[in-house]
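In: please find the sequence and the predicted model below.
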Amino acid sequence: MSSGELRQTPPGGLAFFAKSQLLTGEEVERALKRMAHEIVERNHGLPRLSVIGLQTGGVAFATRIAELLHDIVGDDVSLSLLDVSFYRDDLNRNPVPKSTATTIDHDLTDQTVIVVDDVLFTGRTIRAALNALSDWGRPRSVQLAVMVDRGHRELPIRPDYVGKNLPTSLDEAILATLEGVWIGTKGES
């Protein structure tokens, strides 16, 4: 994606206008490998570990992290997807987002859950995820992995694993994919 290029993004149907690329696909892959090794190290392998990607931005990152964890340890990793749309506390200010599927096929009780998302901003999506997870059991612990932490937290939420810290202004937007990370603006196309 070149500077000034338009890319349609799912939330709210707003378009993303790239200003500059901050990370290449290779740099994203390197960050994900580092994060996967940190997860294995912190959790002494992968016993009773579930990786859960947040719909929609966290899905690709969760899938890749689960693959990397399998490569490191050799064991299969439980991968699930979680839609937090109806757990959000800002539905009165924003329209109800298009709902996507939650695919958690096992009880999370006594599991170590790694919640994965693309960008951590205010922390409200993660708060919603924590509420949603309680419908699937009582995890032993919940850890947070994000590709980009851009600051501006409104809630006391801190990631355990971060691909890259990228402080931004409130007017800027971040688009994070496996192909790279861009900074830009969101607006009507």
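Out: Happy to help now that I have it. Residues are numbered from 1 along each chain as shown.
In: neighbouring contacts of stretch 117-132?
Out: 52-54, 57-58, 60-61, 82-84, 87-90, 102, 115, 142, 144-157, 159, 162, 174, 176-177 (C-beta atoms under 8 Å, 6 or more residues apart in numbering). Where you see a C-beta, it was placed from the backbone N, CA and C, and this is true even at glycine.
In: run the last query once more with 6 Å
Out: Under the criterion C-beta atoms under 6 Å, 6 or more residues apart in numbering, residues 54, 57-58, 61, 82, 84, 87-88, 115, 146-150, 152-155, 157, 159, 174, 176 lie in contact with stretch 117-132.
In: excluding chain neighbours, what is closest to the residue most central in space within the chain?
Out: Compute the mean C-alpha point of the chain, and by C-alpha atoms, centre = their mean the closest residue is Asp117, 0.4 Å away. Excluding the flanking residues, the one nearest Asp117 by C-beta to C-beta, 6 or more residues apart in numbering is Gly58, at 3.9 Å.
In: and that neighbour, how many neighbours does it have?
Out: As a burial measure, Gly58 scores 26 neighbours (other C-beta atoms under 10 Å).
In: quick one: Leu79 and Ala66 touch, right?
Out: Yes. With contact defined as C-beta atoms under 6 Å, Leu79 reaches Ala66; the gap is 4.3 Å.
In: which residues are in contact with both of those two?
Out: Val51.
In: residue ranges with poor pLDDT in this protein?
Out: Scanning the chain with the threshold set as pLDDT under 70 gives 1-13, 91-99, 188-189.
In: all helices of it, in order?
Out: For the chain, helices defined by DSSP state H occupy the ranges 25-42, 59-73, 124-133.
In: show me which positions of the last one end up buried.
Out: Applying a neighbour-count criterion of 16 or more other C-beta atoms under 10 Å, the buried positions in helix 124-133 are Arg124, Thr125, Ile126, Arg127, Ala128, Ala129, Leu130, Ala132, Leu133.
In: go on, stretch 61-71?
Out: Phe61, Ala62, Thr63, Arg64, Ile65, Ala66, Leu68, Leu69.
In: re the thing from before, out of the helices of the chain, the one nearest Trp182 is which?
Out: helix 25-42 (11.2 Å; C-beta to C-beta).
In: quick one: list the elements packing against that closest one.
Out: In terms of contacts (3 or more C-beta pairs under 6 Å, 6 or more residues apart in numbering; DSSP states H and E), helix 25-42 is packed against helix 59-73, strand 161-165.
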